[in-house]
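Student: Just need the structure, nothing else, for what follows:
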Amino acid sequence: MKAAPFAYHRPDTVEQAVKLLGEYGDDAKILAGGQSLIPLLAMRLTHFENLIDISRLDELRNIELDDGQVRIGAATPHAFVGMDDEVADSVPLLTLATPYIGHFQIRARGTLGGAIAHADPAAEYAAVALALDAQMDALSPRGRRQIPAAEFFTGLWQTSLASDEMLTTVRFPVWTGRCGYSVHELARRHGDFAIAGAVLAVQVDDEDRVSRCAIGLLGLGSTPLRASAAERAVVGTPARELTPTDVGELAMSGLDDVPTDLQGSAEYRRKVGAAMVARAWTQASTEALNA
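Tutor: Take a look at the predicted model:
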């Protein structure tokens, strides 16, 4: 199939892009890498009268370390994020998550901001942003605002961005001290969306007790999720006393509306999710204890 007709706009600045969003509102859609949007348009699963292409706006393609956080422009390709040494040193979860995103052609074109704004429940970068309490910078004709990741994802492919708002930057906090990180997911084939997966960061103190833990879950709900109950349960506990199986089961506790589809039943997804968290915990906690 072919996409229905639309008007194509390629603004020269972010301000021009936002002006177009304000002018067309619900009839407009931002086009960044297009790796999710173009197939939806081609299959006529969605339609917009106006596409606003921001892929060539250099001011949205940047990575900067600034005051304890890494600021990444929304149009920065996955491949750039995955290869950046500053990201690898400061936000290792992003580096670890990148190889799971599609195939190298998708990573070359797809963008960090596009993946997060698309809000797919199986999206790796979205899970990382949620787990690490990232901040989203949005711009509209009314000005700028910051949106915490916890308030950003509102439903399947839905975010709290207004129709005239554009995601411009995502800011990830930098963890310091004795930390470990891991990403694990299960998919039918490499590059497919995950049936279930986990991104996990853990920090231990000088006595090897867990001082901080972040667990993001993907493929287990209508949005990326955070295993808050498991995070709270492990903090203060000696890391060596926590069994991976227990952490995995804790992460699944309290999950509502786990989807059932052709990929697997809700029960199967829970089992896979628990196993992915357990594997991620093993790897991340070992790294932190040996740091």
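
Student: so residue 254 touches residue 231, yeah?
Tutor: No: counting by C-beta atoms under 8 Å, residue 254 stays clear of residue 231, with 11.8 Å between them. C-beta coordinates here come from the backbone N, C-alpha and C atoms, glycine included.

Student: who has more neighbours, the two?
Tutor: residue 231 (21 against 11; other C-beta atoms under 10 Å).

Student: Could I get the pLDDT score of the closest residue to that one other than its chain neighbours?
Tutor: The shortest distance from residue 231 to any non-neighbouring residue, by C-beta to C-beta, 6 or more residues apart in numbering, is to residue 213 (4.6 Å). Residue 213 carries a pLDDT value of 98.

Student: that's a helix at residue 213, yeah?
Tutor: No: if the criterion is DSSP: H, G, I helix; E, B strand; the rest coil, then residue 213 is strand and not within a helix.

Student: Return the set of residues that bridge with it.
Tutor: Beta bridges link residue 213 to residue 202 when assigned by DSSP bridges.

Student: can you map out the strands along the stretch 151-291 of the chain?
Tutor: Ranges of strands in the stretch 151-291 of the chain, per DSSP state E, counting those that start in this stretch, are 153-155, 158-159, 166-173, 178-186, 196-204, 210-218, 225-226.

Student: winner for burial among the ones you listed?
Tutor: strand 196-204 (a mean of 29; mean count of other C-beta atoms under 10 Å).

Student: and that one, C-alpha only, in PDB?
Tutor: Output in PDB follows, covering the C-alpha atoms of strand 196-204 (Å, rounded to 0.1, in the frame of the first residue of the first chain):
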ATOM      1  CA  ALA A 196       9.500  -8.800  27.400                       C
ATOM      2  CA  GLY A 197      12.600  -7.100  28.600                       C
ATOM      3  CA  ALA A 198      14.300  -5.200  31.400                       C
ATOM      4  CA  VAL A 199      16.800  -2.400  31.700                       C
ATOM      5  CA  LEU A 200      18.400  -2.200  35.100                       C
ATOM      6  CA  ALA A 201      20.900   0.000  37.000                       C
ATOM      7  CA  VAL A 202      22.100  -0.600  40.600                       C
ATOM      8  CA  GLN A 203      24.300   1.300  42.900                       C
ATOM      9  CA  VAL A 204      25.900  -0.100  46.100                       C
END
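
Student: At the geometric centre of this structure, which residue do we find?
Tutor: Nearest to the geometric centre of the chain sits residue 126, at 1.5 Å (C-alpha atoms, centre = their mean).

Student: now the angle between strand 178-186 and the strand or helix carrying that residue, please.
Tutor: Assigned by DSSP states H and E, residue 126 belongs to helix 124-131. Relative orientation of helix 124-131 versus strand 178-186 (axes from the mean of the first three to the mean of the last three C-alpha atoms, to 10 degrees): 140 degrees.

Student: and for the helix or strand just after helix 124-131, what are the contacting residues?
Tutor: Per DSSP H and E, the first helix or strand lying C-terminal to helix 124-131 is strand 135-140. Contact with strand 135-140 is made by 14, 18, 21-22, 69, 116, 129, 144-149, 152, 161-162, 164-171, as judged by C-beta atoms under 8 Å, 6 or more residues apart in numbering.

Student: Tell me the strands beside strand 135-140, with direction?
Tutor: By DSSP bridges, strand 135-140 pairs with strand 143-148 (antiparallel), strand 166-173 (antiparallel).

Student: Report the contact partners of the residue nearest to residue 199 when sequence neighbours are not counted.
Tutor: The shortest distance from residue 199 to any non-neighbouring residue, by C-beta to C-beta, 6+ apart, is to residue 216 (4.3 Å). By C-beta under 8 Å, 6+ apart, the contact set of residue 216 is 127, 128, 130, 131, 132, 198, 199, 200, 224, 225, 226, 227.

Student: a markdown table for those, including distance to residue 280?
Tutor: Listed next are these as a markdown table, based on distance: C-beta to C-beta, whole Å:
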| residue | distance to residue 280 |
| --- | --- |
| 127 | 11 |
| 128 | 12 |
| 130 | 15 |
| 131 | 11 |
| 132 | 14 |
| 198 | 5 |
| 199 | 7 |
| 200 | 4 |
| 224 | 15 |
| 225 | 14 |
| 226 | 14 |
| 227 | 11 |
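
Student: Please identify which of the residues you listed is nearest to residue 186.
Tutor: residue 198 (10.1 Å; C-beta to C-beta).

Student: between the contacts of residue 216, which is nearest residue 282?
Tutor: For the contacts of residue 216, the nearest to residue 282 is residue 200 (9.7 Å; C-beta to C-beta).
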